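**Q** Turn this into a structure:
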Amino acid sequence: MAKLLKGKDVVGLLNEDLINRVNDLNSKGIVPTLGILRVGERPDDLSYERGAIKKCQQVGVQVQVTELPADVSSEDFFDTLEKLNKDINIHGILMFRPLPKHIDGEKARASLNAAKDVDGCTDLSLAGVFTNTDLGFAPCTAEAAMEILKYYGIELSGKKVAVIGRSLVIGRPVAMMLMHENATVTICHTRTKDIPSITKEADIVVVATGKMESVGKEYLREGQTVIDVGINWNDEKNKLCGDVIFDEVESIVDSITPVPGGVGGVTTSILVKHVVEAAERTIS
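**A** Reported below is the predicted structural model:
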């Protein structure tokens with residue numbers, strides 16, 4: 001049976017550190033605050049919002065929710081975003097996407113102040129990931145995967161890593177972050193031929209296909225570490241599941257993140273960590 005790389009212990013350590021940092025900021029008269037900008041009431045947005053608020057409350061980070069109607073005008077949306085950008089009491093902004101079709105999503109992403117981009121979606125934040133510098137913040141899911149590997153002491157330097165998926169949310173940024181730790185990384189995607197032959201050669205496999213239970217035992221071998229970043233609802237099984245067929249591969253690989261209970265919970269904690277870091281940067 002594989003060792004389960006559970007997110008709960010990682011979150012506990014992060015929270016302990018964040019509580020101390022928030023207390024230090026409070027002593028300097030600074031209350032780290034997350035501004036949430038949400039358009040409409042998409043169920044997945046509301047679910048993530050509840051989780052983010054809960055995580056913020058656990059460490060003393062304040063939250064200000066700005067809810068706009070789904071039919072808000074483009075002008076009003078961008079006016080609201082600019083107010084959040086300029087509000088010195090808001091240190092980080094979580095802007096839920098995708099936005100309604102009548103609002104230019106790319107313009108919104110470009111309009112977000114990178115210094116407050118705690119979700120890591122702006123071009124400047126992504127540039128920071130590629131250059132390994134503090135320009136904005138890394139995408140939360142990518143950083144969560146790295147935190148799990150770090151917490152469980154999984155060696156990266158000199159190791160072969162296969163990343164399945166090339167999105168800007170996880171695939172490409174996590175590949176860059178792994179290379180900063182001196183791993184040798186191969187990115188696989190929909191046009192990659194014979195992906196199993198590549199993943200079986202890897203020491204670590206990061207699965208971010210975006211497709212429920214799309215990676216089974218034929219992709220993996222004994223001794224590997226698997227980071228499954230997928231979160232999908234399986235109607236047939238009436239439960240959450242990942243991009244990996246867990247029941248097939250658990251008996252094969254050395255260690256694996258469960259779904260739920262793995263990367264997802266750490267991702268929200270990374271968001272809160274970024275808010276605290278953004279607040280710290282205002283005095284550094």
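
**Q** so how many other residues sit close to the residue nearest to residue 109 when sequence neighbours are not counted?
**A** Beyond its immediate neighbours in the sequence, the residue positioned closest to residue 109 (Cβ to Cβ, 6 or more residues apart in numbering) is residue 121, lying 5.5 Å away. Glycine gets a C-beta too; all of them are placed from N, C-alpha and C. Counted with other Cβ atoms under 10 Å, residues neighbouring residue 121 total 23.

**Q** How about the one 10 residues further on?
**A** Here the number of neighbours of residue 131 (other Cβ under 10 Å) works out to 11.

**Q** hmm, back to that, can I assume the residue nearest to residue 109 is in contact with residue 112?
**A** Yes: Residue 121 lies in contact with residue 112 (Cβ atoms under 8 Å); the separation is 7.1 Å.

**Q** Overlap in contacts, the two.
**A** Common neighbours of residue 121 and residue 112, using Cβ atoms under 8 Å, 6 or more residues apart in numbering, are residue 95.

**Q** strand partners of the helix or strand of the chain with the lowest mean pLDDT, parallel vs antiparallel please.
**A** When the helices and strands of the chain are scored by mean pLDDT, DSSP states H and E, strand 232-234 comes last with a mean of 87. Partner strands and pairing direction for strand 232-234 (DSSP bridges) are strand 239-241 (antiparallel).

**Q** any idea of the mean pLDDT in the strand it pairs with?
**A** When pLDDT is averaged over strand 239-241, the result is 89.

**Q** what's next to the helix or strand following that strand, contact-wise?
**A** Using DSSP states H and E, the helix or strand that follows strand 239-241 in sequence is helix 246-249. Helix 246-249 has contacts (Cβ under 8 Å, 6+ apart) with 2, 213, 215, 216, 217, 220, 226, 228, 256, 258, 259.

**Q** Which single one of those residues is nearest to residue 52?
**A** Distance to residue 52 across those (Cβ to Cβ) is lowest for residue 259, with 19.0 Å.

**Q** so how many other residues sit close to residue 21?
**A** Applying other Cβ under 10 Å, I find that residue 21 has 17 neighbouring residues.

**Q** Tell me which residues touch it, please.
**A** Residues counted as contacts of residue 21 (Cβ under 8 Å, 6+ apart) are 276, 280.

**Q** per-residue confidence at it?
**A** pLDDT for residue 21: 98.

**Q** Which positions in the least confident helix or strand of the chain come out as buried?
**A** For strand 232-234, burial by neighbour count (16 or more other Cβ atoms under 10 Å) applies to residue 232.

**Q** what comes into contact with it?
**A** 211, 212, 213, 239, 240, 241, 242, 243.

**Q** which residues of the stretch 1-150 of the chain score low on pLDDT?
**A** Applying pLDDT under 70 to the stretch 1-150 of the chain flags no residue at all.

**Q** Let me see the ranges of the helices in it.
**A** Ranges of helices within the stretch 1-150 of the chain are 7-27, 43-59, 74-86, 105-111, 123-131, 140-151, based on DSSP state H, counting those that start in this stretch.

**Q** Can you list the neighbours in contact with the shortest one?
**A** Contact with helix 105-111 is made by 77, 78, 81, 82, 85, 95, 97, 98, 99, 121, 122, 123, as judged by Cβ under 8 Å, 6+ apart.

**Q** and the second one, what is it in contact with?
**A** For residue 78, the residues meeting the contact criterion (Cβ under 8 Å, 6+ apart) are 107, 108, 111.

**Q** Residue 42 touches residue 96, doesn't it?
**A** Yes: between residue 42 and residue 96 there is a contact under Cβ under 8 Å: 7.4 Å.

**Q** Have a look at the two and say which one is more surrounded.
**A** residue 96 (18 against 15).

**Q** So the more buried one versus residue 48, what's the distance?
**A** Distance, residue 96 to residue 48, by Cβ to Cβ, to the nearest Å: 8 Å.
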